[in-house]
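# Would you be able to build a 3D model of this:
(one chain, ligands or ions: 1)
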Amino acid sequence: MTKILIIYTGGTIGMVNDSKTGTLIPFDFEQIENNVPELARLDYQLSVHSFDPILDSSNMNPEIWTELAELIKEKYHEFDGFVILHGSDTMSYTAAALSFMLQNLAKPVVLTGSQLPIGEIRTDAKENLITALEIAATKKDGKAMVPEVSVYFDFQLFRGNRSIKNDSEKFEAFSSPNYPILAEAGVNLDFFSNYILPIPTEEFQIHTTFNSNIGVLKMYPGITENAVRAITESKVDAIVLESFGSGNTTTADWFIACLQEAILNDKIIVDISQCNGGSVQLGKYETSRKLQKMGILSGYDMTFEATVTKLMYLMGKGLAIDEIKKLMEVPIAGELTN
Ligand code: ASP
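Numbering: from 1, shown residues only. Next comes the predicted model:
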């Protein structure tokens, strides 16, 4: 019999209204079960592991990603798939981090949550939970249909490290602007296997060390030298440069000098676009040619979430800086197209 482990970390899906403050607070898994009697009718075996404490996902961090990866490793051979219930706010970060941490994954790890608590009449939580379980349990020729870390929300399944939360109110809260969806739920569950990662041939293993000493420099017209230097001269090991369009920035001499100094001080700088869709193309315009020449890396079409977690992961491995730079520009878990 197929066995699925539900890992409950928290999020709106399981929250209830605190009568004293009127705010939403995380609550136990039992009330989720009570609200979805359908769980008892599924023809596979469910087990539940609740995190303690359960969290609003704004409090997620690399230590908890590590706990998740270690739990999956411990239970890897016992279960056919894993469904992680998670707040939607940082779900894409956790999904991207796990996609790097869980190497040679041959089983589904599906993250889901909801915009309304499961106890509310109009909730989206039941559909999200039940279909995420169905996806985690689906097999083809005896093997997992989706052997990768994914995010399921509002009838669509996304590659985890390609997903972004792009709406805080609509049920359709997630999208994946630079990669096709992996599956769609309608009357049938349609899987698009051309876009799903193949079953790996090597042994499953996890990586759990991170270096999160990363700064972010988001471009805007009128940005001052003072503001730029606050990042480029800080003690961070890497900088994510959120540029305009296809990777462009101002060409002001002081700005180029700031970046050049940071590079000479061995900081890794990765250029990703403020646009959700499309890719960085260094050298396409004069306004990005200098960046390319000084050794700024192209993040191509990576999401911000994937860029940050990939840097944390690669820098945490203690690799030589040139090796980190090389790996940042190639896909290691389906996170970019170059
Ligand atoms: N603040 C909540 C969280 O991320 C939002 C949600 O779950 O949708 O935990």
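# So what's the residue count around residue 186?
When neighbours are defined as other CB atoms under 10 Å, residue 186 has 7 of them. Placement of C-beta: from N, CA and C, glycine included.
# what about the helices in the stretch 151-300 of the chain?
Counting by DSSP state H, counting those that start in this stretch, the segments of the stretch 151-300 of the chain that form helices are 225-232, 253-264, 286-293.
# and the closest residue to residue 273 other than its chain neighbours, what does it touch?
Spatially, and ignoring its direct neighbours in sequence, residue 273 is nearest to residue 280 (5.4 Å; CB to CB, 6 or more residues apart in numbering). By CB atoms under 8 Å, 6 or more residues apart in numbering, the contact set of residue 280 is 243, 246-247, 271-273, 288, 298-301.
# Point out the least confident one among those residues.
pLDDT across the contacts of residue 280 is lowest for residue 288, at 91.
# Would you tell me which residues of the stretch 1-150 of the chain are close to the ligand?
Contacts of the stretch 1-150 of the chain with the ligand, taken as CB under 6 Å from any ligand atom, map to 10-12, 56-58, 87-89, 113, 115.
# Name the nearest of the residues you listed relative to the ligand.
Relative to the ligand, the closest of these is residue 87; by CB to the nearest ligand atom it sits at 1.9 Å.
# Would you mind confirming that that closest one makes contact with residue 64?
No - here residue 87 does not reach residue 64: they are 11.5 Å apart, not a contact under CB atoms under 8 Å.
# what residues are shared contacts of these two?
Among the neighbours of residue 87, those also in contact with residue 64 (CB under 8 Å, 6+ apart) are 9, 55.
# need the contact list for residue 180.
Residue 180 touches 192, 195, counting by CB under 8 Å, 6+ apart.
# re the thing from before, next, work out how far apart the residue nearest to residue 273 and residue 328 are.
Note on residue 280: its distance to residue 328, by CB to CB, to the nearest Å, is 12 Å.
# Quickly list what's touching both of these two.
Joint contacts of residue 280 and residue 328 (CB under 8 Å, 6+ apart) are residue 299.
# With neighbour numbers in mind, choose between residue 87 and residue 64.
Using other CB under 10 Å, the more surrounded residue of residue 87 and residue 64 is residue 87, with 25 against 17.
# so that one, which of the three states?
What DSSP: H, G, I helix; E, B strand; the rest coil gives for residue 87 is coil.
# residue contacts, it?
Counting by CB under 8 Å, 6+ apart, residue 87 touches 9-13, 55-58, 60, 113.
# Who does the closest residue to residue 236 other than its chain neighbours form a beta bridge with?
Spatially, and ignoring its direct neighbours in sequence, residue 236 is nearest to residue 215 (3.8 Å; CB to CB, 6+ apart). Beta bridges link residue 215 to residue 239 when assigned by DSSP bridges.
# Quick check, residue 215 in contact with residue 235.
No - in this structure, residue 215 is not within contact of residue 235 by CB under 8 Å, at 9.0 Å.
# Just want to know which of these two has more residues nearby.
Regarding residue 215 and residue 235, a neighbour count based on other CB under 10 Å identifies residue 215 as having more, with 18 against 8.
# who touches the more buried one in this structure?
By CB under 8 Å, 6+ apart, residue 215 lies in contact with 231, 234, 236, 238-240.
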